[in-house]
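K.L.:
The sequence and its predicted three-dimensional model are supplied below.
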Amino acid sequence: MPIPDTSRHTPASMDANPNIEKRASHCFGCGPANPQGLHLVFTTDTSNPDIPVATTQFQLDRLHEGPPGYIHGGIVATLLDEAMSKLNRPLNVLAMTRHMEIDYLHPVPLYQSLVLTSRHLSREGRKLFHRAEIQRPDGTVLARAKGLFIVIDARLLALAGLTQPES
Ligand SMILES: CCCCCCCCCCCCCCCC(=O)SCCNC(=O)CCNC(=O)[C@H](O)C(C)(C)COP(=O)(O)OP(=O)(O)OC[C@H]1O[C@@H](n2cnc3c(N)ncnc32)[C@H](O)[C@@H]1OP(=O)(O)O
């Protein structure tokens, strides 16, 4: 069987730098170097270091439209996933989403400033359980998610040709 040419799937951002944080600059959710990304910037509250909380405000336009006037459901999932992923570093782990479930409670509007927040719930070994919500400024919850993140160890990183972040 011929070996597939994977090089054609390699985006320009995948340069030779093996450091995971430097390579994360093109993350669709938070990477500052991704011209088509969401450029989310989170504030993380670690006043209780066991239960970090991440928050950001965002406002999207028709580039991310699904139903007329509202954000596409896949982008809503991205926002919730990204917010939950921001809890991993404060917990001193690298982790990836294994499972998430979403309640789309109300359509999420375009052209309005909204609040995206996430909170760590619990940990069982390498399994991290988080939750996230998108709210209107008045506190109305528009969408919420629960996520299971799995801690990625150094061996898996090395298999992907990556190194741990500099602490
Ligand atoms: C390789 C590249 C490295 C890059 C490192 C970068 C890291 C930092 C970048 C962060 C970036 C963030 C960006 C935003 C967050 C994303 O979007 S991340 C991207 C989306 N996620 C992915 O692509 C992950 C793809 N999945 C995988 O690679 C593998 O499944 C994982 C996550 C490494 C886990 O693999 P595994 O260890 O073989 O998993 P497995 O043993 O089957 O399950 C783990 C545990 O979860 C439990 N479990 C599984 N499914 C369920 C379920 N549905 N319900 C309940 N429990 C479940 C299992 O029972 C198991 O439990 P234990 O037996 O340990 O008690």
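P.N.:
Looks like it came in fine.
K.L.:
who touches the helix or strand that Leu156 is a member of?
P.N.:
Element membership for Leu156, per DSSP states H and E: helix 154-159. With contacts defined as C-beta atoms under 8 Å, 6 or more residues apart in numbering, helix 154-159 is touched by 20, 94, 163-164. (C-beta placed from N, C-alpha, C; glycine too.)
K.L.:
okay if I get these as JSON lines plus secondary structure, distance to the ligand and pLDDT?
P.N.:
Listed next are the contacts of helix 154-159 as JSON lines, based on DSSP: H, G, I helix; E, B strand; the rest coil; distance: C-beta to the nearest ligand atom, whole Å; pLDDT from 0 to 100:
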{"residue": "Ile20", "secondary structure": "helix", "distance to the ligand": "6", "pLDDT": "70"}
{"residue": "Leu94", "secondary structure": "coil", "distance to the ligand": "4", "pLDDT": "93"}
{"residue": "Thr163", "secondary structure": "strand", "distance to the ligand": "11", "pLDDT": "76"}
{"residue": "Gln164", "secondary structure": "coil", "distance to the ligand": "10", "pLDDT": "73"}
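K.L.:
Mark which of those are buried, thanks.
P.N.:
With neighbours counted using 16 or more other C-beta atoms under 10 Å, the contacts of helix 154-159 contain these buried positions: 20, 94, 163.
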